[in-house]
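Colleague: 3D model of this:
(one chain, ligands or ions: 3)
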Amino acid sequence: MKIAVLAGDGIGPEVTAQALRVLEALALPDLVLFEGDVGAAAYRRHGHPLPPETLAMARAADAILFGAVGDFSCDDLPRHLRPEQAILGLRAELGLFANLRPAAGFPGLEHLSSLKPEVARSIDLLVVRELNGDVYFGDKGERESAGGREGWDSMSYNEAEVRRIAEVAFRAAMGRGKRLCSVDKANVLETSRIWRETIIEVAKDYPEVELEHMYVDNAAMQMVKEPGRFDTIVTGNLFGDILSDQASACVGSIGLLASASLGERQTEHGTFGLYEPIHGSAPDIAGQGKANPVAAVLSLAMLLRHSLGLEQQAGWIERAVEGILDDGVFGGDLGGSASTGDIGDAILSKLQTMS
Ligand code: NAD
Ligand code: IPM
Ligand code: MN
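Modeller: Numbering: from 1, shown residues only. Ligands and ions are numbered 1, 2, ... in the order given. Here you go, the predicted structure:
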């Protein structure tokens, strides 16, 4: 079993280091780790945020453990050389079109949410975000206009793209509460009209799933008003990006939420995928031991479950994380004073009581 470790920039290496300590503690047999450069770190060393050797390493692996990319020093680079192109390039090149972003409250920690505790208590949702299309990957550019320089980006989804993410979302909903909310902006966007019509088509194959459609502005409002109404959400690349950061604050912190990015390729024990926290490189706290590594550690749990078929070990990690949060081991993002390493230590000692 091969894991490519791409830690990246800012807090990426700090949180990934804690996930790797957890992985090491599991002492899995037949596991080989490869480390590669991505993001600003790779740009500095190789002149490109996603060097060909990193892409080849990622392709050859069964799974990728990704940290984060992004660095303000690169803000003025041409777009194709910006660190963010590394993660966008991996998602596109590896056909990772389905991004699963679970957001569930940790029992007893409702007071850490940005919402009222009684509202936060109800959160248990999954955002299924399409990851290979939308305005992210449409043609874009700059042109002259009567009003000066004009930036433009084109948004599109075709039926095949919507159908394949819809299949993932309906199947996910079948394994959860059998309720699916498709989030779009069909009252304004043609992209969303095709999106909605295609979702309705696919729904015919899943009669047990209760489907609703919601405009994204209303969805953003409902997520803070009554997040418990959501079970599974399916949406496009841009709306899913925004709603998942919002969901993290409803749970408590962006430092808590993990993600899996999956495609069609199967590995010996599961599905090939890339696993990363939903947060970024957090340059404001990088290098200070302040980053919450929980999202990275939970991303490792998702990797073990989805790509390596190690459900038991994934469960141990998740219970260890729940355990340390229940013990009140919090970093600054949750109003505590534990450092990144302290949180890693606490997870490791909880884990020892399990395996
Ligand atoms: P961010 O997620 O990096 O940070 C947003 C805020 O959340 C910051 O205040 C940060 O300190 C805090 N935060 C994030 N992760 C945390 C953690 N684990 N523990 C405690 N606090 C945490 O988003 P941003 O500031 O908008 O972006 C910073 C850079 O990261 C940009 O270059 C952006 O493009 C990039 N980015 C990369 C990814 C990725 O690699 N997948 C995701 C999002 C943003
Ligand atoms: C994320 C990030 C990325 C995205 C950026 C860094 C390209 O925000 O993974 O959520 O927008 O998908
Ligand atoms: Mn994001």
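Colleague: what are the buried residues along stretch 50-57?
Modeller: Within stretch 50-57, the residues scored as buried using 16 or more other Cβ atoms under 10 Å are 50, 51, 54, 55, 57. Placement of C-beta: from N, CA and C, glycine included.
Colleague: that stretch near ligand 2 at all?
Modeller: No: against ligand 2, stretch 50-57 shows no contacts by Cβ under 6 Å from any ligand atom, the least distance being 12.2 Å.
Colleague: what's the answer for stretch 134-154, then?
Modeller: No: using Cβ under 6 Å from any ligand atom, stretch 134-154 stays clear of ligand 2, coming no nearer than 7.0 Å.
Colleague: what residues of that stretch count as buried?
Modeller: Using 16+ other Cβ under 10 Å as the test for burial, stretch 134-154 gives 134, 135, 136, 137.
Colleague: per the record, what domains does this structure have?
Modeller: Partitioning the chain according to automatic domain parsing yields domains covering residues 1-96+258-355, 110-251.
Colleague: how much space separates residue 256 from residue 162?
Modeller: As defined by Cβ to Cβ, to the nearest Å, residue 256 lies at a distance of 30 Å from residue 162.
Colleague: can you put the buried residues of stretch 134-154 in CSV and add pLDDT and secondary structure?
Modeller: Shown next, in CSV, are the buried residues of stretch 134-154 (pLDDT from 0 to 100; DSSP: H, G, I helix; E, B strand; the rest coil):
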residue, pLDDT, secondary structure
134, 98, helix
135, 98, helix
136, 98, helix
137, 98, coil
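Colleague: residue 202: which of these is nearest?
Modeller: residue 134 (17.8 Å; Cβ to Cβ).
Colleague: how much space between the closest one and residue 158?
Modeller: From residue 134 to residue 158 the distance is 11 Å (Cβ to Cβ).
Colleague: now do residue 90
Modeller: Separation of residue 90 from residue 158 (Cβ to Cβ): 22 Å.
Colleague: between these two, which is the more surrounded one?
Modeller: residue 90 (24 against 12; other Cβ atoms under 10 Å).
Colleague: residue of the stretch 151-300 of the chain nearest ligand 1, please.
Modeller: residue 280 (2.2 Å; Cβ to the nearest ligand atom).
Colleague: near ligand 1, which residues of the stretch 1-150 of the chain?
Modeller: So far as Cβ under 6 Å from any ligand atom goes, the stretch 1-150 of the chain lies against ligand 1 at 11, 15, 68, 69, 70, 84, 87.
Colleague: for the residue in the stretch 1-150 of the chain that ligand 1 sits nearest to, which non-adjacent residue is spatially closest?
Modeller: The stretch 1-150 of the chain approaches ligand 1 most closely through residue 70 (2.1 Å), counting by Cβ to the nearest ligand atom. Among residues not flanking residue 70 along the chain, residue 281 sits closest, at 4.1 Å (Cβ to Cβ, 6 or more residues apart in numbering).
Colleague: and the one you found, how many neighbours?
Modeller: 26.
Colleague: correct me, but it touches residue 10?
Modeller: Yes: Residue 281 lies in contact with residue 10 (Cβ atoms under 8 Å); the separation is 2.8 Å.
Colleague: show me the common contact partners of those two, please.
Modeller: 68, 70, 71 (Cβ atoms under 8 Å, 6 or more residues apart in numbering).
Colleague: in a markdown table, list the residues you listed along with neighbour count.
Modeller: Formatted as a markdown table, the shared contacts of residue 281 and residue 10 follow (neighbours: other Cβ atoms under 10 Å):
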| residue | neighbour count |
| --- | --- |
| 68 | 32 |
| 70 | 22 |
| 71 | 22 |
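Colleague: can you give me the buried ones in the helix or strand of the chain with the lowest mean pLDDT?
Modeller: Counting by mean pLDDT, DSSP states H and E, the weakest-scoring helix or strand in the chain turns out to be helix 117-120, with a mean of 93. The neighbour-count check on helix 117-120 (16+ other Cβ under 10 Å) flags 119, 120 as buried.
Colleague: following that helix, which helix or strand comes up?
Modeller: Using DSSP states H and E, the next helix or strand after helix 117-120 towards the C-terminus is strand 124-130.
Colleague: anything in that following strand near ligand 2?
Modeller: No: residues of strand 124-130 are not located near ligand 2 by Cβ under 6 Å from any ligand atom, the shortest gap being 8.3 Å.
Colleague: does anything pack onto that strand? Which helices or strands?
Modeller: Packed against strand 124-130 by the contact rule (3 or more Cβ pairs under 8 Å, 6 or more residues apart in numbering; DSSP states H and E) you find strand 98-104, helix 159-174, strand 232-235, helix 237-251.
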